[in-house]
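Enquirer: Sharing a model that was predicted from the sequence below.
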Amino acid sequence: MSRILIAYSTVDGHTRRICERMQRLLEGAGHAVTLASLSDAQRPDARAFEKVVIGASIRYGKHRQEVFDFIGQQRSALEDRPSAFFTVNAVARKPGKDTPEGSPYIRSFRKLTAWRPQLVGVFAGKIDYQRYGFVDRQVIRFIMWLTRGPTDPHACVEFTDWEKVEAFAREVGDL
């Protein structure tokens, strides 16, 4: 079985939750999995792993800079071994926007980096208005209003298709 790094960038913790689900599934299949936040000062060295997965959430239409910094620092290792990338966002709640081909964030990602992982995924995230500060809550409510999403300031709506997450994890195991 493989040594797998799952590195993630999250704002509110949902991407980490998705990574933890993948970790449990992959460890259950006999893989050794290390979970690492790209926000940590001490980032893991991808060369120490046989496979690498990077998961990144979207906030205000963008992946965080730490994602691109890590890819730039580890690009050689990412290109030398099986690798995967997935994005987590509320837009993926809509049919057609939940695939690599239909995701505007994957298109943007591909313009910003030359790294081409063998496996790419798109998962719908979570809207949890109670966890957001006042400004974030209002901005996200406005974005949701524009895109016909939930706007109740007390709502917590999880859009994640966990079966899709688990299928992606199995594909990582098979890389």
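Expert: Structure received.
Enquirer: which outside residues touch the worst-scoring helix or strand of the chain on mean pLDDT?
Expert: The helix or strand of the chain with the poorest confidence is helix 134-146; it has a mean of 91 (mean pLDDT, DSSP states H and E). With Cβ atoms under 8 Å, 6 or more residues apart in numbering as the test, helix 134-146 has contacts from 60, 90, 127, 129, 132, 149, 150, 151, 153. For glycine as for every other residue, the C-beta is placed from the backbone atoms N, C-alpha and C.
Enquirer: Next secondary structure element downstream of it?
Expert: Using DSSP states H and E, the helix or strand that follows helix 134-146 in sequence is strand 156-158.
Enquirer: Which other helices and strands does that next one contact?
Expert: strand 126-128 (3 or more Cβ pairs under 8 Å, 6 or more residues apart in numbering; DSSP states H and E).
Enquirer: show me where pLDDT drops low in this protein?
Expert: Applying pLDDT under 70 to the chain flags no residue at all.
Enquirer: Could you count how many residues lie near the residue nearest to residue 132 when sequence neighbours are not counted?
Expert: Leaving aside its chain neighbours, residue 132 sits nearest to residue 140 (6.3 Å; criterion: Cβ to Cβ, 6 or more residues apart in numbering). Residue 140 has 21 neighbours, counted by other Cβ atoms under 10 Å.
Enquirer: likewise residue 10?
Expert: Per other Cβ under 10 Å, the neighbour tally for residue 10 reads 21.
Enquirer: again, but for the one 4 residues further on
Expert: Other residues within reach of residue 14, judged by other Cβ under 10 Å, total 21.
Enquirer: That one touches residue 124, doesn't it?
Expert: No - when contacts are counted by Cβ atoms under 8 Å, residue 14 is not listed as touching residue 124 (9.9 Å).
Enquirer: where do the contact lists of those two overlap?
Expert: 88, 160.
Enquirer: quick one: the helices in this structure?
Expert: Using DSSP state H, the helices of the chain run over residues 14-28, 65-79, 104-112, 134-146, 162-174.
Enquirer: Great, nothing more from me.
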